[in-house]
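Asker: return a 3D structure for these sequence lines:
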Amino acid sequence: MKSAEKPLLFMPGDTIEYQLTVTNIGTGDMKDAKVDDPIPVGVSFVANSEYGENTEFLLSVNNGQSFEAWPVSYTVIDAKGQPVNKLATEDMVSHVRWLFPMLLTPQQSHEIGFRVRVL
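Answerer: Prediction:
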């Protein structure tokens, strides 16, 4: 389940919190669960706003092709053809990911979330 806090009309600069409930609806233990969520168009990820007890949190700046912890780095090629590492800005984050290293038993739920800022 994914929901945003009210109000339903947001203005530039407003912060929205997304809260997700992860539940093992199966009959057996779930090991190494992973949740990926894209950042909606028109908002920017707020760094260090994520939560989720006993989880590892990662971010992507390349549409979910790769993930790493904040601050996220990326490589560009400079005018001389040399690779240059740069640090991503919050507005470059395209996806968020939570890794669950613990077992989720049947019917066990876990709350995770993050914030975005309206552009």
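
Asker: please make it C-alpha for all contacts and neighbour counts, starting now.
Answerer: Noted.

Asker: which residues of the protein score low on pLDDT?
Answerer: 1-7 (pLDDT under 70).

Asker: grab the most central residue of it for me.
Answerer: Val96 (2.0 Å; CA atoms, centre = their mean).

Asker: so what's it bridging to?
Answerer: Asp37, Leu59 (DSSP bridges).

Asker: Ser49 versus that one, what's the distance?
Answerer: 11 Å (CA to CA, to the nearest Å).

Asker: what comes into contact with stretch 43-54?
Answerer: Residues outside stretch 43-54 that contact it (CA atoms under 8 Å, 6 or more residues apart in numbering) are 39, 57, 70, 90-93, 98, 100-102, 110-119.

Asker: and with 7 Å instead?
Answerer: Defining contact as CA atoms under 7 Å, 6 or more residues apart in numbering, one finds that stretch 43-54 is touched by 90-91, 93, 111-119.

Asker: alpha carbons of it, in PDB - could you do that?
Answerer: This file holds the C-alpha atoms of stretch 43-54, laid out as PDB (Å, rounded to 0.1, in the frame of the first residue of the first chain):
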ATOM      1  CA  VAL A  43       8.700  16.200  -7.200                       C
ATOM      2  CA  SER A  44      12.300  15.900  -6.000                       C
ATOM      3  CA  PHE A  45      13.600  13.400  -3.400                       C
ATOM      4  CA  VAL A  46      14.400  14.900   0.000                       C
ATOM      5  CA  ALA A  47      17.800  13.500   1.100                       C
ATOM      6  CA  ASN A  48      18.000  11.600   4.400                       C
ATOM      7  CA  SER A  49      14.200  11.600   4.700                       C
ATOM      8  CA  GLU A  50      13.800   7.800   4.300                       C
ATOM      9  CA  TYR A  51      12.800   5.500   7.000                       C
ATOM     10  CA  GLY A  52      12.400   1.800   7.600                       C
ATOM     11  CA  GLU A  53      13.700   0.000  10.600                       C
ATOM     12  CA  ASN A  54      16.300  -2.700   9.900                       C
END
